[in-house]
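[1] with the sequence up front, the predicted model follows.
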Amino acid sequence: MPRERSQGTCAQTAPHLGVLFIVGVPIGHPDDLTIRALATLRDVDLIAAKNPQSTQALLSHHGVSATVTTYDRNNAAEKTPILLDRLRKGLHIALVSDCGMPVVYDPGRVLIAAALKEQIPTEVIPGTSAVVAATAMSGMDGNAFVFEGRCSGGIRTIARRLQLLRAEPRTMIFLPPVKDLQQMLRLISSTFGNRHVVLAFDLTKKTQNIVRGRVRTLLEGDPIHVNSSQVTLIVEGATLPRKGARKQV
């Protein structure tokens, strides 16, 4: 187990402590689980899962039998001390989300922060990410991008957030609820103008569908795929004014 360096010193951990493994799982296709993640899920004493049903389906696909416990937003506060106690007693625990990496729109940070505070060893097992996957296939600039995450808080809140991003030159990535996508596109059109956008529905699943074009063209076309379970929205950044270009008034 590698020791974690902090400010030039090695954090010493008691040999009897268990390890908290932060494990990335597929965003759709079950065979996207890495070899290392699969080995970890086989070896740990307990898996703390946001959605035990989807985790059990993934484990079953790979022929893994494991003990799974629920760890979600509703019980994170009460479940964290229980899991910490098991880690103190030497049990190894894997923390997984329903898809992708824990912490990204997932309550995993509560357990991870508590484990770090008590100097319990933590280890990350990287996996797939809808954000990175969507950026890679978008064809837009991926050297620098802004992850804006979920669009919540009501129309006025979203509109204010978009206003603040009008001059943002980097590619922007959102994870809007599918049911709110049409409204989100209308706000982008009215706030950003007729930008290029990419809609990635159900990435890596059999139902995957990629829609590209300018936002107003998409709004005028066929209805957006409201039957999809997930969508990643990629929006091109603002074009920076060229040096020496006269400002239009």
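    That came through fine.
[2] next up, phi/psi of the residue nearest in space to the middle of the chain, please.
    In the chain, the centroid-proximal residue (Cα atoms, centre = their mean) is residue 104; its distance is 4.1 Å. Main-chain torsions, residue 104, degrees, to the nearest 10: phi -80, psi 100.
[3] for residue 154, see how far away it is.
    Residue 104 sits 22 Å away from residue 154, going by Cβ to Cβ, to the nearest Å. For every residue, glycine as well, the C-beta is placed using N, CA and C.
[4] contacting residues for the residue nearest to the centre of the chain?
    By Cβ atoms under 8 Å, 6 or more residues apart in numbering, residue 104 lies in contact with 97, 129, 131, 149.
[5] of the residues you listed, which belong to helices?
    If you go by DSSP state H, the contacts of residue 104 have residue 131 in helices.
[6] domain boundaries for this structure, per the record?
    5-125, 130-235 (automatic domain parsing).
[7] columns mean pLDDT on top of those, output as CSV?
    Output for the domains of the chain, formatted as CSV (pLDDT from 0 to 100):
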stretch, mean pLDDT
domain 5-125, 91
domain 130-235, 90
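[8] now do the strands in the protein.
    5-6, 9-10, 20-23, 46-49, 68-70, 93-96, 122-125, 145-149, 171-174, 196-201, 209-214, 231-235 (DSSP state E).
[9] most tightly surrounded among those?
    Each of the strands of the chain was assessed for mean neighbour count using mean count of other Cβ atoms under 10 Å. The highest is strand 93-96, with a mean of 28.
[10] number of residues surrounding residue 164?
    Other residues near residue 164 number 9, with proximity taken as other Cβ atoms under 10 Å.
[11] thinking again about what came up before, as a markdown table, the strands of the chain with distance to residue 110 would be great.
    Shown next, in a markdown table, are these (distance: least, Cβ to Cβ, whole Å):
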| stretch | distance to residue 110 |
| --- | --- |
| strand 5-6 | 21 |
| strand 9-10 | 26 |
| strand 20-23 | 12 |
| strand 46-49 | 11 |
| strand 68-70 | 14 |
| strand 93-96 | 10 |
| strand 122-125 | 13 |
| strand 145-149 | 17 |
| strand 171-174 | 24 |
| strand 196-201 | 29 |
| strand 209-214 | 34 |
| strand 231-235 | 25 |
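[12] residue 35: which of these is closest?
    strand 122-125 (10.2 Å; Cβ to Cβ).
[13] that closest one packs against which elements?
    strand 20-23, helix 35-43, helix 108-117 (3 or more Cβ pairs under 8 Å, 6 or more residues apart in numbering; DSSP states H and E).
[14] redo those as a markdown table? Include distance to residue 173.
    A markdown table is the format used below for these (distance: least, Cβ to Cβ, whole Å):
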| stretch | distance to residue 173 |
| --- | --- |
| strand 20-23 | 22 |
| helix 35-43 | 24 |
| helix 108-117 | 20 |
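[15] about what we covered before: among the contacts of residue 104, the buried ones, what's the PyMOL command?
    To isolate the buried subset of those in PyMOL, counting by 16 or more other Cβ atoms under 10 Å, use the following:
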select buried, resi 97+129+131
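[16] closest to residue 236 among the contacts of residue 104?
    For the contacts of residue 104, the closest approach to residue 236 (Cβ to Cβ) belongs to residue 131, at 15.9 Å.
[17] if I pick the closest one, what's in contact with it?
    104, 147, 173, 175, 232.
[18] make TSV from those residues and add distance to residue 203 to it.
    TSV is the format used below for those (distance: Cβ to Cβ, whole Å):
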residue	distance to residue 203
104	14
147	15
173	12
175	11
232	7
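[19] from those residues, which is closest to residue 158?
    Nearest to residue 158 among the contacts of residue 131, counting by Cβ to Cβ, is residue 175 at 12.6 Å.
[20] wait, that closest one sits on residue 232?
    Yes - with contact defined as Cβ atoms under 8 Å, residue 175 reaches residue 232; the gap is 6.1 Å.
[21] what is in contact with those two at once?
    In contact with both residue 175 and residue 232: 130-131, using Cβ under 8 Å, 6+ apart.
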